[in-house]
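Asker: can't give you the sequence, but here's the structure:
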């Protein structure tokens, strides 16, 4: 996974715990902005409908649905997002 704040690549050999922090910038790792379900356009900014609302997206939380995501800038993407982007690019190139 990568830290949402500084982009440092973090090798995980275990589950991310609530108090885990980035070794580079000390940002919390178990937070909304590092989760694959984070989506600023979704209800409560989360694509997991069962997750409880978290006010501070950078703060450590107890969410049971947390799964590390990939960070591109300040945006978390999932494998589904990556696949959708590749398909969009393919069809845009084909329509030119």
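Answerer: Thanks, I have the structure now. These numbers come from a predicted model, not from an experiment.
Asker: going forward, measure contacts between C-alpha atoms and count neighbours the same way
Answerer: Will do.
Asker: can you map out the helices along this protein?
Answerer: All helices of the chain, identified by DSSP state H, fall at 79-94.
Asker: distance of residue 13 from residue 5?
Answerer: 21 Å (CA to CA, to the nearest Å).
Asker: quick one, which of those two is more surrounded?
Answerer: residue 5 (19 against 6; other CA atoms under 10 Å).
Asker: separation between residue 14 and residue 32?
Answerer: 18 Å.
Asker: out of the two, which sits in the busier spot?
Answerer: Per other CA under 10 Å, whichever of residue 14 and residue 32 has more neighbours is residue 32, with 29 against 6.
Asker: nearest residue to the more buried one other than its sequence neighbours?
Answerer: Closest residue in space to residue 32, ignoring its immediate chain neighbours: residue 57 at 4.8 Å, by CA to CA, 6 or more residues apart in numbering.
Asker: Could you tell me how many residues sit around the one you found?
Answerer: 16.
Asker: That one contacts residue 29, correct?
Answerer: No. Counting by CA atoms under 8 Å, residue 57 does not reach residue 29; the two are 10.9 Å apart.
Asker: All the strands of the protein, in order from the start?
Answerer: 70-72, 75-77 (DSSP state E).
Asker: lowest-confidence stretch among the ones you listed?
Answerer: In terms of average pLDDT, strand 75-77 trails the rest of those, at a mean of 53.
Asker: what residue ranges in the chain score low on pLDDT?
Answerer: 71-82, 93-96 (pLDDT under 70).
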